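Chemist: What follows is a predicted protein model with its sequence.
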Amino acid sequence: MRTVAWNILVLWFALLASARVPNKCSAPSEYPHTRLDKKYTSRQKYGIGEKAYYACAEDFSPSAGSRAVQCTVGGKWTKLTLKCEKKSCGNAGDLPNGQFQYEGNSFLGEKVYATCNEGYTLKGLNYMICKKSGWTGEFPSCEEEATTCSTPAVSNSVSSTGDVSVHRVGDIVTFTCSQGFQLDGAQQITCGPDGQWQPQPPRCLPAPDKTQLLEEESGCGIPVTSKNFNANLADKYITMTSFASGDKVHYVCDVGYVQEGGSRYRRCIRGKWTPLLLKCGRKLCGSAGEITNGQFAYTGVEFGDTATAVCDEGYHLVGQATRNCMSNGWDGRVPLCEAAVCAEPPEVTNAEMEGRQEPPYTYRSVVRYHCRVGTLTGQREIWCTEDGTWSAPAPKCKEITCPSPNVANAFWTGGHTELHQHRSTISIECNPGYRRVGMSTISCGSDGQWFPSLPKCIRTSRRTYWRK
């Protein structure tokens with residue numbers, strides 16, 4: 001009688017110990033810079049062996065680790081190893097003869113500004129923008145400022161440049177002495193690369209015979225210029241065919257060009273026109289605008305240049321791609337970059353779809369499938385790709401069953417059927433006089449096998465007492 005009571009007491013303690021082991025997990029924990037997939041945000045309980053999946057938060061990208069955590073024996077989740085880093089464009093590169101000043105840490109949407117060293121001038125836009133495709137916009141450059149020469153002072157003379165105060169390298173100045181004076185030196189001098197006139201400016205000395213009358217100066221014909229000046233004679237002089245000595249004409253820059261230096265005047269002196277020193281440069285249009293989910297590729301930002309719109313990955317262009325820099329600015333309008341659109345995701349028999357929405361399904365839209373019956377085979381999650389197609393075919397729901405859990409000298413509770421479906425859970429207990437080795441609660445796994453493995457029931461030992 002004592003032996004029977006002892007066996008019952010041992011069995012009771014074993015049952016009590018197994019009942020205290022949690023066989024479910026609560027909702028998964030939160031981790032920095034991550035988010036739990038929508039499928040798992042509303043659930044509160046998970047069975048042993050079940051998994052939950054995480055993704056990186058917006059503007060963060062995965063750098064290492066796994067997305068999954070699993071509910072283990074004892075009701076604890078495995079640790080999440082997924083690492084998420086803030087999306088960044090990094091270093092914009094080196095700017096010769098200048099440097100970049102960053103708006104922040106090179107994160108999406110931030111700008112980097114270009115500044116040139118002393119003695120250099122910035123060409124192009126002064127900034128670039130960090131986008132998903134990297135630093136976008138025209139890469140700036142710093143060009144050396146042009147060397148200049150000061151105005152040469154020659155007393156008792158008239159110069160061809162009039163009142164111009166600064167001359168660039170290559171500019172030519174022609175001198176004509178006043179009446180009663182004669183030239184001593186070169187009549188024409190050129191601004192050299194070292195900022196000095198070559199040769200030295202001349203002098204106008206008194207003529208040996210002041211009483212001698214200067215020879216009557218002849219007039220000039222129509223002034224002619226080469227095409228590379230990007231300038232034309234002003235309209236008021238076009239119909240004139242002859243000009244008297246001392247007459248002066250002026251030029252205007254062509255459409256799309258502006259005066260950048262030199263004198264716009266020419267003078268008729270002793271039957272010849274003084275050289276035209278006018279410098280006409282292309283008008284500046286600046287930025288062609290900013291495109292959401294795209295950017296412009298520039299050939300330049302001056303008159304005659306173009307800006308062509310390029311959309312980011314997963315977006316297509318709506319509107320005219322190219323804008324032209326005209327005399328009054330960029331023509332046309334800033335185009336749009338719209339996301340690619342996929343057809344409605346396919347239905348799957350015996351499955352529920354998560355992420356369903358009102359059409360359209362745009363680029364990177366995600367849907368997930370969950371089987372009501374059976375186990376999912378194929379991709380659980382599909383998304384709309386950049387070319388407007390789904391990333392993979394829809395999965396299927398395949399029914400998986402486990403064999404009858406036949407354990408000698410035992411009985412089970414929780415579903416006496418011939419076929420046990422995936423995730424079915426039963427409890428196995430040993431008959432009186434036997435003790436269990438292994439877990440009492442087992443579940444039908446996705447591979448058609450019981451998890452954990454089936455327990456065993458071993459007969460308890462007996463002691464025989466002999467009376468003398």
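Modeler: All right, it came through fine.
Chemist: what's the helix or strand that contains residue 259 packed up against?
Modeler: Assigned by DSSP states H and E, residue 259 belongs to strand 257-261. Contacts defined by 3 or more CB pairs under 8 Å, 6 or more residues apart in numbering; DSSP states H and E place strand 257-261 against strand 279-282. From N, CA and C alone the C-beta is placed, and that goes for glycine too.
Chemist: could you give me the average pLDDT of the strand it packs on?
Modeler: The average pLDDT within strand 279-282 is 92.
Chemist: which parts of that strand are buried?
Modeler: Residues 279-280, 282 are the ones in strand 279-282 that count as buried (16 or more other CB atoms under 10 Å).
Chemist: can you give me how far the strand holding residue 259 is from the chain middle?
Modeler: 37 Å (CA atoms, centre = their mean, to the nearest Å).
Chemist: Distance to residue 443 for the buried residues of strand 279-282 - can I get that in TSV?
Modeler: Converted to TSV, the buried residues of strand 279-282 look like this (distance: CB to CB, whole Å):
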residue	distance to residue 443
279	86
280	84
282	76
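Chemist: Who are the packing partners of the next helix or strand after the strand holding residue 259?
Modeler: Next along the chain after strand 257-261, taking DSSP H and E as the criterion, comes strand 265-269. Judged by 3+ CB pairs under 8 Å, 6+ apart, strand 265-269 is in contact with strand 248-253.
Chemist: Residue 101 reaches residue 115, doesn't it?
Modeler: Yes - using CB atoms under 8 Å, residue 101 is in contact with residue 115, at 6.2 Å.
Chemist: so where's the stretch 301-450 of the chain shaky on pLDDT?
Modeler: 415-418 (pLDDT under 70).
Chemist: go with 80
Modeler: Residue ranges of the stretch 301-450 of the chain with pLDDT under 80: 373-375, 414-419, 421-423, 446.
Chemist: so how far does stretch 373-385 reach from one end to the other?
Modeler: 29 Å (CA to CA, to the nearest Å).
Chemist: got the contact list for that stretch?
Modeler: By CB atoms under 8 Å, 6 or more residues apart in numbering, the surrounding residues in contact with stretch 373-385 are 314, 340-342, 345, 350-351, 361-370, 390-400, 421-422, 446.
Chemist: buried sites along that stretch?
Modeler: Quick answer for stretch 373-385 (16+ other CB under 10 Å): 374-376, 380-385.
Chemist: and if you look at stretch 232-246?
Modeler: So, applying 16+ other CB under 10 Å, buried residues of stretch 232-246: 232-233, 237, 243.
Chemist: Can you tell me which of those is nearest residue 432?
Modeler: When the buried residues of stretch 232-246 are compared for distance to residue 432 (CB to CB), residue 232 wins out at 116.4 Å.
Chemist: Show me the contact partners of the helix or strand hosting that closest one.
Modeler: According to DSSP H and E, residue 232 maps onto strand 231-233. Outside strand 231-233, the residues within contact range by CB under 8 Å, 6+ apart are 223, 225, 249, 251-254, 257, 264, 276, 278, 280.
Chemist: mind putting those residues in a markdown table, distance to residue 459 included?
Modeler: Output for those, formatted as a markdown table (distance: CB to CB, whole Å):
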| residue | distance to residue 459 |
| --- | --- |
| 223 | 125 |
| 225 | 118 |
| 249 | 125 |
| 251 | 118 |
| 252 | 115 |
| 253 | 110 |
| 254 | 110 |
| 257 | 107 |
| 264 | 117 |
| 276 | 119 |
| 278 | 115 |
| 280 | 109 |
